[in-house]
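Engineer: coords below, sequence missing:
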């Protein structure tokens with residue numbers, strides 16, 4: 001019996017998406033993928049870098065090479081032995097706040113105050129209750145309307161009871177670069193330690209961390225793998241470990257290290273830091289063009305901050321608001337149109353809450369509700385950004401009923 005052919009079925013092409021959420025997690029770079037593949041081909045693949053046998057020693061040498069490369073790329077006179085590999089920026093930030101605060105108090109019992117900026121990532125903001133349970137006073141320092149946490153604002157709270165100050169190098173929502181070198185020097189003048197979360201800044205702008213006691217950097221923000229980061233913490237810095245067993249990473253973070261991910265992280269970091277100033281200028285120019293397009297008169301879209309792009313903000317992060325609208329609707333409409341961006345607001349317990357960063361900057365709730373973060377690097381072209389901008393303008397006009 002012969003099969004009869006049925007009606008032809010047209011198979012639609014899968015929808016193509018333009019990914020514009022690099023600040024959340026950037027796509028893997030080819031250099032990182034190549035590093036992972038090279039590791040898999042190596043004789044020591046899978047060997048424990050803490051073992052004494054030949055393959056263990058080879059894995060150890062590869063890991064120590066990555067450690068040295070990362071210390072050099074971060075700069076600030078950090079040594080290879082200062083690099084502690086972790087599972088992500090969240091763990092690095094938690095480790096810094098707990099370990100350094102308790103280390104400072106262990107050295108001087110009156111050091112019981114921790115100062116954190118009010119624009120930090122949740123991996124620091126959410127540590128505050130636990131720090132208070134451990135007997136620390138936690139103070140949050142507000143930024144100005146420009147998104148900058150000033151040295152003067154921090155100095156108001158500095159005294160001889162301060163154990164630790166933590167201010168991020170660049171904000172993950174607005175992209176505003178913070179004066180961390182000056183804040184670090186002010187903290188040291190008061191006898192306190194200083195940590196900065198440089199997860200967003202590393203690989204995008206040069207870091208000024210010579211005065212920092214500890215720095216957080218993360219792999220997936222720059223095109224490395226998810227699940228690997230580092231806390232660079234100086235050997236002289238008082239520190240109390242938070243986990244135990246094995247003694248790896250100088251006793252600061254025990255557990256068998258993920259050599260493959262460390263190598264891929266460093267490969268991505270090398271790619272980002274090569275020709276950094278040239279790449280920064282190119283990406284910043286694309287961001288300026290996008291701002292000019294979507295924040296033009298009549299679009300109903302405004303920037304969250306007027307801090308200048310050239311030196312004051314990260315090059316590939318565009319932070320805007322559509323006052324009167326909510327970011328959740330904007331994100332879903334853009335997703336349907338093939339564009340992937342982030343909302344600065346967060347949906348919790350069935351209610352939409354404005355971003356804590358924008359609220360700390362004094363932005364009214366009805367404006368902050370409509371905030372969006374568009375983030376990219378040199379791998380996103382000018383044409384894609386322009387088409388996105390035109391799409392966003394149309395969506396905002398449609399949601400406002402054509403007004």
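Structural biologist: Nice, thanks for sending it over. Just so we're clear, the structure is a prediction, and the values are computed from it rather than from any experiment.
Engineer: low-confidence regions, the protein specifically.
Structural biologist: 1-13, 308-310, 344-352, 402-403 (pLDDT under 70).
Engineer: repeat that with 80
Structural biologist: Counting by pLDDT under 80, the chain shows low-confidence ranges at 1-15, 306-311, 344-353, 402-403.
Engineer: what's the first helix or strand after the lengthiest helix in it?
Structural biologist: For the chain, the longest helix by residue count, based on DSSP state H, is helix 54-74. Where DSSP states H and E defines the elements, the next helix or strand beyond helix 54-74 is strand 83-86.
Engineer: residues of that next one that come out buried?
Structural biologist: 83-86 (16 or more other C-beta atoms under 10 Å). For the C-beta atoms, the positions are set from N, CA and C on the backbone; glycine is no exception.
Engineer: what sits up against the longest helix of the chain?
Structural biologist: 39, 42-44, 47-51, 78-83, 85, 198, 202, 207, 209, 215, 217, 230, 232, 257, 259, 262-263, 265-266, 269-270, 273 (C-beta atoms under 8 Å, 6 or more residues apart in numbering).
Engineer: can you check stretch 79-93 too?
Structural biologist: Under the contact criterion C-beta under 8 Å, 6+ apart, stretch 79-93 has outside partners 63-64, 67-68, 70-71, 95, 121, 123-124, 127, 166, 197, 199, 216-218, 220-221, 226-235, 249-250, 252-253, 257-258, 262.
Engineer: apart from its chain neighbours, what residue comes closest to residue 247?
Structural biologist: In space, and not counting its chain neighbours, residue 247 is closest to residue 254: 5.9 Å by C-beta to C-beta, 6 or more residues apart in numbering.
Engineer: also residue 143?
Structural biologist: residue 149 (4.7 Å).
Engineer: right, and that neighbour touches residue 178 too?
Structural biologist: Yes - look at residue 149 against residue 178 with C-beta atoms under 8 Å: they come within range, at 5.5 Å.
Engineer: need the residues touching each of those two.
Structural biologist: Counting by C-beta under 8 Å, 6+ apart, the shared contacts of residue 149 and residue 178 are 117, 167.
Engineer: how far out from the middle of the chain is stretch 187-200?
Structural biologist: The chain centroid and the centroid of stretch 187-200 are separated by 17 Å under C-alpha atoms, centre = their mean, to the nearest Å.
Engineer: quick one: buried residues of it?
Structural biologist: 187, 190-200.
Engineer: likewise stretch 354-363?
Structural biologist: Under 16+ other C-beta under 10 Å, the buried positions of stretch 354-363 are 354-361, 363.
Engineer: span of that stretch from start to end?
Structural biologist: Using C-alpha to C-alpha, to the nearest Å, one end of stretch 354-363 lies 10 Å from the other.
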